[in-house]
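Enquirer: sequence plus predicted model, see below.
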Amino acid sequence: MRKANSSDRGRAAKGNVAPKNVEEYLARVPEPARSTLNKVRAAIRSAAPAGVTEAMSYGIPAFKYKGPLIWFAAFSNHCSLFPTASVIKEFKNELNGFHTSKGTIHFPVDKPLPAALVKKMVKARMAEKEHKKQR
């Protein structure tokens, strides 16, 4: 069995050279996953405050606000959102029906997570970051 490594992340965005930015990453993702990720990206943007930036982190697209906020990626058989383990735990009931692990939510390449749910998770993640900042 082959060991997974960080270069395996975002396998759907294939290429010999790592993408330099989110646009380049998404351009490499085949449909329907690209459209799905663009919907998730739009939901994140609409919930995120001014000052949030997009970047590549761990080889996948991320939003940053005073550090990492949330990541998303496409793989060959699914798409994923990485909102952190605490956010997944907080929204456990609303994520019923989606495959989750400690820090990841998997969803079909042709069916994005509900935008309202993504927005609530982004807001929860922002609240977490603000709470940490106050300590």
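Expert: Everything's here; your move. Residues are numbered from 1 along each chain as shown.
Enquirer: other SSEs contacting the longest helix belonging to the chain?
Expert: Counting residues, the longest helix found in the chain (DSSP state H) is helix 115-134. With contacts defined as 3 or more Cβ pairs under 8 Å, 6 or more residues apart in numbering; DSSP states H and E, helix 115-134 has these neighbours: helix 33-47, strand 68-74, helix 85-90. All C-beta atoms are positioned from the backbone trio N, CA, C, and that covers glycine.
Enquirer: strand partners of the following helix or strand past the shortest one, parallel vs antiparallel please.
Expert: Using DSSP states H and E, the helix or strand that follows helix 85-90 towards the C-terminus is strand 99-100. Strand 99-100 has these partner strands in its sheet, going by DSSP bridges: strand 105-107 (antiparallel).
Enquirer: for the partner strand, buried residues please.
Expert: Neighbour-count burial for strand 105-107, counted by 16 or more other Cβ atoms under 10 Å, picks out 105, 107.
Enquirer: looking at that strand now, give me its mean pLDDT.
Expert: Strand 105-107 carries an average pLDDT of 98.
Enquirer: just to revisit the earlier point, what sits up against the longest helix of the chain?
Expert: Helix 115-134 is contacted from outside by 39-40, 42-44, 46-49, 63, 65-67, 69-70, 81, 83-84, 86-87, 90-91, 94-95, 112, using Cβ atoms under 8 Å, 6 or more residues apart in numbering.
Enquirer: which of these count as buried?
Expert: The buried subset of these (16+ other Cβ under 10 Å) comprises 39-40, 43-44, 47-48, 63, 65, 69-70, 81, 83-84, 87, 90-91, 95, 112.
Enquirer: now the helices and strands packed on helix 115-134 in TSV, with mean pLDDT and distance to P19?
Expert: Below are these laid out as TSV (pLDDT from 0 to 100; distance: least, Cβ to Cβ, whole Å):
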stretch	mean pLDDT	distance to P19
helix 33-47	98	13
strand 68-74	97	11
helix 85-90	96	25
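Enquirer: let me have these in TSV, adding distance to L117 as columns.
Expert: As requested, those are exported to TSV (distance: least, Cβ to Cβ, whole Å):
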stretch	distance to L117
helix 33-47	8
strand 68-74	13
helix 85-90	11
